[in-house]
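Trainee: Mind folding the following:
(one chain, ligands or ions: 5)
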Amino acid sequence: MDEFDFIKRIQPKSYKQSNLIKGIGDDAAVFRQSYQDTVTAVDTLVENVHFSRKTMEPYHIGYRALAANISDMAAMGCKPAFYLISIVIPPSWAESELEEIYLGMTAIARQFQMDLIGGDTVSGKELVISVTIIGFVDRNKARYRSDAKEGDVVFVTGSLGDSAAGFYLLSNFDQRDRLTYQYLINRHRMPFPRVQFASGLHSLQRVCLNDVSDGIASEANEIAEASHVTMKIDYEQLPIDKSLLDFSREQQESWVLSGGEDFELIGTVSELEWQKLIEIAAKQNVPVTAIGRVTGHDHKGKVFLAKDGQTKLLRKSGYTHLK
Ligand SMILES: Nc1ncnc2c1ncn2[C@@H]1O[C@H](COP(=O)(O)OP(=O)(O)OP(=O)(O)O)[C@@H](O)[C@H]1O
Ligand SMILES: Cc1ncc(C[n+]2csc(CCOP(=O)(O)O)c2C)c(N)n1
Ligand SMILES: [Mg+2]
Ligand SMILES: [Mg+2]
Ligand SMILES: [Mg+2]
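Mentor: Ligands and ions are numbered 1, 2, ... in the order given. Predicted structure coming up:
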């Protein structure tokens, strides 16, 4: 199969988004936009950095590549619509495995009514999938990291550390022992971005949002820095799934604070609108937990963690690519 056969095989037969004018098949895609703001981002998945043949089946690689990007759309409070895939394919990958990657990607795309509208195909040494994503949001309703204000409640969706625990199990446990922890493994391989929840918050005046890709120690600091505020987080309030309790306290702490890849949302909202947020979350069956407060102003932005009776500076201890 050459590059052109490959493109023919991955080309969608029909499109879901009505504003698409030209999808795959020309030098670029075209869509028409008039009343909403357009939101776009790109994130890359690299073999042996974000996944290995041991931790992911080809289906999960495709799913996870798109999920990470959809999560950034959720973090902007917007609805994803289009994606473009740039893929580097090593010769060792079989056609059937590439097909599985696209099946995984199409499966999550379908859940969000998204269309594949372009990309690029090249050969190389390791599998790399770079996803460019495009979404839309009502004018001036995009949610920013820079919108936290003193007095706000700090919250997270879902539970933290599951993906890192799943990664640990996939790396260290054999097939049989993994069965007990299928939930954690799924959370690593097939995270579900919180798009509906974030766009359900449109009626709120102000919400500050960020998604958890590197670990909340990182993302809380990103909010504090962008908003020029100090934030205090209470370790005991952090939502932990019960299956994490089987592991040591050190493991739990490191996964919860800096494991990353949970693709949950961390955010802040005024105390006045907190109740409304809880009601919206309850209607959607999305668990939301208050984990702290925005306590004051600081140009540099700092996060403090209260734990075991002590309050200490929480540094960006999450995953970093360049050290
Ligand atoms: N190489 C780059 N060139 C230009 N802009 C970049 C580059 N890398 C990151 N950025 C920009 O920096 C900002 C933060 O990017 P970052 O990747 O940290 O966020 P994220 O995608 O939410 O996190 P993660 O990559 O951990 O999922 C974004 O505006 C992003 O577009
Ligand atoms: C094989 C393998 N090794 C390590 C990890 C852990 N890991 C990789 S990237 C990342 C943060 C998010 O990345 P980004 O900032 O690019 O979104 C984490 C926690 C993994 N998943 N698979
Ligand atoms: Mg990124
Ligand atoms: Mg990202
Ligand atoms: Mg993000």
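
Trainee: which residue packs closest to whichever residue of the stretch 151-300 of the chain sits closest to ligand 4, ignoring adjacent ones?
Mentor: In the stretch 151-300 of the chain, the residue that lies nearest ligand 4 is residue 213 (4.6 Å; Cβ to the ion). No exception for glycine: its C-beta is placed from N, CA and C like everyone else's. Closest residue to residue 213 apart from its sequence neighbours, by Cβ to Cβ, 6 or more residues apart in numbering: residue 260 at 5.7 Å.

Trainee: Number of residues surrounding that neighbour?
Mentor: The number of residues packed near residue 260 is 22, by other Cβ atoms under 10 Å.

Trainee: mind checking pLDDT for it?
Mentor: pLDDT, residue 260: 96.

Trainee: Could you pull up the residues touching it?
Mentor: 163, 164, 212, 213, 214, 215, 218, 318, 319 (Cβ atoms under 8 Å, 6 or more residues apart in numbering).

Trainee: Looking at residue 56 now. What's its pLDDT?
Mentor: 96.

Trainee: Next: residue 35.
Mentor: The model's pLDDT for residue 35 equals 89.

Trainee: okay but it is in contact with residue 139, surely?
Mentor: Yes. With contact defined as Cβ atoms under 8 Å, residue 35 counts as touching residue 139 (7.2 Å).

Trainee: tell me which element the residue nearest to residue 213 is part of?
Mentor: Under DSSP states H and E, no helix or strand contains residue 260.

Trainee: And it, its phi and psi?
Mentor: Backbone geometry at residue 260, expressed as degrees, to the nearest 10, gives phi 80, psi -180.

Trainee: Give me the below-cutoff pLDDT ranges for this structure.
Mentor: Residues of the chain meeting the criterion pLDDT under 70: none.

Trainee: show me where it has strands.
Mentor: Counting by DSSP state E, the chain has these strands, from start to end: 20-22, 30-31, 36-46, 79-89, 115-123, 128-138, 153-157, 207-211, 229-234, 265-269, 288-297, 302-307, 310-313.

Trainee: Pick the most deeply packed of those.
Mentor: Greatest average neighbour count among the strands of the chain goes to strand 265-269 (a mean of 28), per mean count of other Cβ atoms under 10 Å.

Trainee: Packing partners of it?
Mentor: Under the contact criterion of 3 or more Cβ pairs under 8 Å, 6 or more residues apart in numbering; DSSP states H and E, strand 265-269 touches strand 153-157, strand 207-211, helix 216-227.
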